[in-house]
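Asks: only geometry, no sequence info:
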Ligand code: TRP
């Protein structure tokens, strides 16, 4: 049983790629590990959301995670801003982090380029807050994508630096947890390799059926096969990859044969694909809507999460304060 921790960006909706990818693994992971899942709402302040947006997007993330099967009884599901211990650890870690290494961080450089008029200190120290998120529970495994590996490496540096400075063996070195071949990759609808929010090629779990139909009908295809058993273009392969996860094997075979004997009509193919996607997303969308209107339940979930997370966080902070030398008279 390992301590696994994942931070969730509080912007954006879960899409089909998340659902068949990381989410399935999260749902499994919570059975076998001590899992902490949290919504990183402090981090989102680096882009200055309005108070309404901050609450709305946090709530959206919460209901979507619950809707796909994250179970607040099995894991610790919480909101970052409910855990003051994280900010304290962030402050303490900051004293031992250097300007040069923060400026060299690629995500900082990217962000600084994207928002040149708002290069705030929170953006610069983003990796320190992320390290505090992880180290506050002394987590060992952190499921993150490639874009977050550098942050994780910085976390390891801060952890070992702390241990060295205070001659302790306190913080473990967390490592990235990528699900390897367990991770199903869902391609985008634009012929590209990966479905992603920023790529603008995604079908969101909360999308209405009409929206899904429109998105699928617009998906990139080619001019169609001209000879039997012709090699598929990537865009067509992608649509088949999606079909395979949402449809029955019979349906997949049917369209495969149609492709191979050149009688496929992409219009029909897409219609079927859209309907089968809708069958998968509809129960989730309905659950999202139901949860959203059940504020009492959400309040219960979030307060239970805060309580469980603070139990672990306050233990760490108490020990860290001792190590640093904040002792009682
Ligand atoms: N930086 C992560 C992202 O953009 C979100 C995050 C914040 C996170 N704190 C974390 C992820 C701690 C893992 C662990 O996706």
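Replies: Now that the structure is in, tell me what you want to look at. Please read these numbers as outputs of a predicted model, since none were measured by experiment.
Asks: stretch 13-21 and the ligand in contact?
Replies: No - against the ligand, stretch 13-21 shows no contacts by CB under 6 Å from any ligand atom, the least distance being 11.5 Å. Any C-beta I mention is one placed from the backbone N, CA and C, and that applies to glycine too.
Asks: OK, contacts around residue 267?
Replies: residue 217 (CB atoms under 8 Å, 6 or more residues apart in numbering).
Asks: can you give the domain ranges for the chain?
Replies: 3-184+295-324, 209-289 (automatic domain parsing).
Asks: so which of those is the most packed in?
Replies: Mean neighbours per residue, mean count of other CB atoms under 10 Å, is largest over the domains of the chain for domain 3-184+295-324, with a mean of 18.
Asks: show the end-to-end separation of that one, please.
Replies: 24 Å (CA to CA, to the nearest Å).
Asks: distance from that domain to the middle of the chain?
Replies: Computed by CA atoms, centre = their mean, to the nearest Å, the chain-centroid distance of domain 3-184+295-324 equals 10 Å.
Asks: wait, a strand at residue 184?
Replies: No - counting by DSSP: H, G, I helix; E, B strand; the rest coil, residue 184 is not part of a strand but coil.
Asks: turn the domains of the chain into TSV, columns for mean pLDDT and distance to residue 201.
Replies: As requested, the domains of the chain are exported to TSV (pLDDT from 0 to 100; distance: least, CB to CB, whole Å):
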stretch	mean pLDDT	distance to residue 201
domain 3-184+295-324	96	9
domain 209-289	97	9
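Asks: could I get those as CSV with distance to residue 199?
Replies: As requested, the domains of the chain are arranged in CSV below (distance: least, CB to CB, whole Å):
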stretch, distance to residue 199
domain 3-184+295-324, 10
domain 209-289, 12
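Asks: ok, which residues in the stretch 1-150 of the chain are in contact with the ligand?
Replies: So the stretch 1-150 of the chain meets the ligand at 5-7, 9, 40, 43, 130, 133-134, 142, 144, 148 (CB under 6 Å from any ligand atom).
Asks: where exactly do the strands run in the protein?
Replies: 3-9, 34-40, 76-79, 141-142, 175-176 (DSSP state E).
Asks: just checking, what packs against the third one?
Replies: Same thing as strand 76-79. strand 34-40, helix 51-67, helix 295-324 (3 or more CB pairs under 8 Å, 6 or more residues apart in numbering; DSSP states H and E).
Asks: residue 213: which of those is closest?
Replies: Among those, helix 51-67 comes nearest to residue 213, with 21.2 Å by CB to CB.
Asks: other SSEs contacting that closest one?
Replies: So helix 51-67, by 3+ CB pairs under 8 Å, 6+ apart, packs with strand 3-9, strand 34-40, helix 41-44, strand 76-79, helix 266-292, helix 295-324.
Asks: let's see that with 7 Å instead.
Replies: Counting contacts by 3 or more CB pairs under 7 Å, 6 or more residues apart in numbering; DSSP states H and E, helix 51-67 is packed against strand 34-40, helix 41-44, helix 266-292, helix 295-324.
Asks: for the ones you listed, which one sits closest to residue 122?
Replies: Closest among those, once you apply CB to CB, is helix 41-44, at 8.1 Å.
Asks: residue of the stretch 151-300 of the chain with the smallest distance to the ligand?
Replies: Residue of the stretch 151-300 of the chain nearest the ligand, by CB to the nearest ligand atom: residue 151 (6.0 Å).
Asks: can you give me the helices in the stretch 101-250 of the chain?
Replies: Assigned by DSSP state H, counting those that start in this stretch, the stretch 101-250 of the chain shows helices spanning 106-114, 121-124, 126-135, 149-165, 209-217, 234-246, 249-260.
Asks: what's the first-to-last distance across stretch 8-26?
Replies: Stretch 8-26 has its terminal residues 12 Å apart, counting by CA to CA.
Asks: residues in contact with that stretch?
Replies: Contacts of stretch 8-26 with the rest of the structure, by CB atoms under 7 Å, 6 or more residues apart in numbering, involve 37-41, 44, 57-58, 60-61, 64, 68, 70, 143, 179, 182-186, 194-197, 202-206, 245, 277.
Asks: cool, and stretch 303-313?
Replies: Contacts for stretch 303-313 (CB under 7 Å, 6+ apart): 36, 72, 76-78, 82-83, 85-86, 136-137.
Asks: one more time with 10 Å
Replies: Identification of contacts with stretch 303-313 by CB atoms under 10 Å, 6 or more residues apart in numbering yields 3, 34, 36-39, 62, 72-73, 75-86, 88-89, 132-133, 136-139, 317.
Asks: which one of the domains of the chain lies closest to residue 190?
Replies: domain 209-289 (5.3 Å).
Asks: who's in contact with the closest residue to the ligand within the chain?
Replies: Nearest residue of the chain to the ligand (CB to the nearest ligand atom) works out as residue 7 at 2.4 Å. Residue 7 makes contacts with 36-40, 43, 80, 129-130, 133-134, 142-144, 148, 151, as judged by CB under 10 Å, 6+ apart.
Asks: most widely separated two among the residues you listed?
Replies: Among the contacts of residue 7, 129 and 143 lie farthest apart (CB to CB), at 18.2 Å.
Asks: thought residue 150 was touching residue 102?
Replies: No - Residue 150 is beyond contact range of residue 102, at 11.4 Å (criterion: CB atoms under 10 Å).
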